[in-house]
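got a predicted structure plus its sequence, pasted below:
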Amino acid sequence: MKFTKPPLSFQAQLALLKRRGMAIDDEAKALGCLGHLNYYRLRAYWIHMEGEKDLTTGDHCFKPGTSFEDALALYVFDRKLRLLVMDAIERVEVSVRTRWANHLALTYGPHAHLEPARFRSAVQHSRSLDDLNKEISRSTETFIEHLIRTYDEPPPIWAACEVMSFGQLSRWVGNLKFRQDRKAIALAYGLDAGVLVSFLHHLTTVRNLCAHHNRLWNRRFTVTMQIPQSLSRVHAGSFNPAADRNLANTLAMLAWVLRSASPDSAWSRRVKELILATPQVDPAAMGFAAGWHALSLWT
């Protein structure tokens, strides 16, 4: 089947939305948004407002009451939410790097990461080490250049970890051979080792979505995370097993981990205030249960 739809000017895109039944109070503003934000990017925020297809035009009509302003409010909300999530992931990444490197260095020495015996899969370790060496070789960080010039050995683990990507860090942590090593790192966050590894793997997907400015708020994830049973009992209702592909569980885990990694960030309050201040947002579409904002994890 060939693609036959013609491209539309921004004015034609605006006319199409109006023909489909979208209310547009400020046409100049809407035209500016279409000209800078892309029709298909914005469509992700109004697609749930679409109704039945018009058999005459072949267009999906909008449900009564649909407005451009509401779709734009969802877009702005999602952008702010992504920035908050990226802020949290940065704090988690820096913290886990520190805990991982410090534990291995104190337990096995400055170059513990070079020893295959410390890791479950020798193949994965070899790949991870290759990736890390590539990052080191192209790094322009002053401390990396100094270490390479000064010493005959590779940079120690506490320096090398600083040039790892988040995905690389996740694989290094997940490949640790001994349970006591994984447990020592996870203990800093009050988590089971398996839960932490699962969460880090899930966060690599979330981070990539945020970094590429993709829709986040009502997305259903394909790479999910293990919901912590102990926290689910302590913070009853904060984690929703029935919505394991939704964002609410991710936000709840970030809120929990940041209590240790960045206790003064007030991150959970900022997330809660953003959601409650945006009436166009349905928390249930994010996986939140009724009354979530009054639960201890968010207060």
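Here it is on my side, so go on. Numbering: from 1, shown residues only.

how far away from the center of its chain is the lowest-mean-pLDDT helix or strand in the chain?
For the chain, scoring each helix and strand by mean pLDDT, DSSP states H and E identifies helix 229-234 as the least confident one, at a mean of 76. Distance, stretch centre to chain centre, for helix 229-234: 22 Å (Cα atoms, centre = their mean, to the nearest Å).

other residues contacting it?
By Cβ atoms under 8 Å, 6 or more residues apart in numbering, the list of residues contacting helix 229-234 from outside reads Gly190, Leu191, Asp192, Ser238, Phe239, Pro241, Trp256. Placement of C-beta: from N, CA and C, glycine included.

send me it as CSV with only the CA atoms.
Once non-C-alpha atoms are left out, helix 229-234 reads as follows in CSV (Å, rounded to 0.1, in the frame of the first residue of the first chain):
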residue,chain,number,x,y,z
GLN,A,229,6.9,-6.2,47.8
SER,A,230,8.3,-4.8,51.1
LEU,A,231,7.7,-1.2,50.1
SER,A,232,4.3,-2.1,48.7
ARG,A,233,3.4,-3.3,52.3
VAL,A,234,4.8,-0.2,54.0
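
beyond that helix, next helix or strand please.
helix 247-261 (DSSP states H and E).

who's in contact with the helix or strand that that following helix is followed by?
Tracing the chain C-terminally past helix 247-261 and defining elements by DSSP H and E, one meets helix 267-276 next. Outside of helix 267-276, the residues within contact range by Cβ under 8 Å, 6+ apart are 77, 80-81, 84, 87-88, 91, 251, 254-255, 258, 281, 283, 286, 293, 297-298.

out of these, which end up buried?
When burial is judged by neighbour count using 16 or more other Cβ atoms under 10 Å, the buried members of the contacts of helix 267-276 are 77, 80-81, 84, 87-88, 91, 251, 254-255, 258, 281, 283, 286, 297-298.

okay, which residue is most central for this structure?
If you average the C-alpha coordinates of the chain and look for the closest C-alpha using Cα atoms, centre = their mean, you land on Val206, 2.6 Å from that point.

can you say which helix or strand has it in it?
With elements taken from DSSP H and E, the one containing Val206 is helix 193-211.

okay, and Arg91 sits in which element?
Judged by DSSP H and E, Arg91 forms part of helix 68-108.

now swap in Phe143 and tell me
For Phe143, the secondary-structure element it belongs to, assigned by DSSP H and E, is helix 142-150.

which parts of that helix are buried?
Judged by neighbour count using 16+ other Cβ under 10 Å, the buried positions of helix 142-150 are Ile144, Leu147.

same check on stretch 30-47?
Residues Ala30, Cys33, Leu34, Leu42, Ala44, Tyr45, Trp46 are the ones in stretch 30-47 that count as buried (16+ other Cβ under 10 Å).

next one: stretch 16-32
The neighbour-count check on stretch 16-32 (16+ other Cβ under 10 Å) flags Leu17, Arg20, Gly21, Met22, Ala30 as buried.

what's the most distant pair in the residues you listed?
Among these, the pair separated by the greatest distance (Cβ to Cβ) is Gly21 and Ala30, at 14.3 Å.

show me how far the helix holding Val206 is from its chain's centre.
Averaging C-alpha coordinates over helix 193-211 and over its chain gives two centres that are 7 Å apart (Cα atoms, centre = their mean).

contacts for it next, please.
Helix 193-211 is contacted from outside by 82, 85-86, 89, 92, 96, 166-167, 169-170, 173-174, 179, 182-183, 185-186, 189, 191, 215-216, 219, 221-228, 250, 253, 257, using Cβ under 8 Å, 6+ apart.

and if we set it to 6 Å?
When contacts are defined by Cβ atoms under 6 Å, 6 or more residues apart in numbering, helix 193-211 is touched by residues 82, 85-86, 89, 166-167, 170, 173-174, 182-183, 186, 216, 223, 225-226, 228, 250, 253.

please, a PyMOL command that selects the buried ones among those residues?
Applied in PyMOL, the following selects the buried portion of the contacts of helix 193-211 according to 16+ other Cβ under 10 Å:
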select buried, resi 82+85+86+89+166+167+170+173+174+182+183+186+216+225+226+228+250+253
